[in-house]
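A.B. asks: Okay, structure incoming, though there's no sequence with it:
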């Protein structure tokens, strides 16, 4: 099992330079662990690509269909007080945005605060740095 940040999942839905590498990581372990709000973050990323002209609306709709397929099989860390408390702690010590702190906090709660046991798949440099400092093996 690996924890997948939104930044690592989007290339599985749309063709990007990182798509092949992400597909390889997924084939090595089909269990995707995510934060509860990851689907919303993915949808936001896809629509941002449309607004920026990097993705056609029809391609975004196809990507959203792939997102719905992933949602059927992934395991989500639910919002709970331990995740919220960890996110607040992470914001005090790492330069993270709130959503990234919640992602990292969810991973920490999921691995019962033993990050050596859970690879963290991430393409966001700031979040990847914080995850490494917390002890995760970050896969890019």
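C.D. replies: Structure's in. What do you need? Note that this is a predicted model, so its numbers are computed, not measured.
A.B. asks: ranges for the strands of the chain?
C.D. replies: Ranges of strands in the chain, per DSSP state E, are 2-4, 32-35, 75-77, 120-121, 138-139.
A.B. asks: Number of residues surrounding the closest residue to residue 30 other than its chain neighbours?
C.D. replies: Nearest-residue entry for residue 30: residue 73, 7.7 Å, with adjacent residues in sequence omitted and distances by CB to CB, 6 or more residues apart in numbering. Using the backbone N, CA and C atoms, a C-beta is placed for each residue, glycine as well. The burial count assigned to residue 73 is 9, neighbours taken as other CB atoms under 10 Å.
A.B. asks: My guess is residue 73 contacts residue 32. True?
C.D. replies: Yes - contact status for residue 73 versus residue 32: in contact at 7.0 Å, counting by CB atoms under 8 Å.
A.B. asks: Now distance to residue 98 too, for the strands of the chain, in CSV please.
C.D. replies: Formatted as CSV, these follow (distance: least, CB to CB, whole Å):
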stretch, distance to residue 98
strand 2-4, 18
strand 32-35, 12
strand 75-77, 16
strand 120-121, 18
strand 138-139, 20
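A.B. asks: Double-check residue 59 against residue 13; I have them as touching.
C.D. replies: No - if you go by CB under 8 Å, residue 59 and residue 13 don't touch, sitting 9.6 Å apart.
A.B. asks: quick one, which of these two is more surrounded?
C.D. replies: Each of residue 59 and residue 13 has its neighbours counted (other CB under 10 Å); residue 13 has more, 25 against 16.
A.B. asks: quick one: residue 17 and residue 65, what's the gap?
C.D. replies: Here residue 17 is placed at a distance of 22 Å from residue 65 (CB to CB, to the nearest Å).
A.B. asks: longest single helix anywhere in the chain?
C.D. replies: Criterion DSSP state H: the longest helix present in the chain is helix 57-73.
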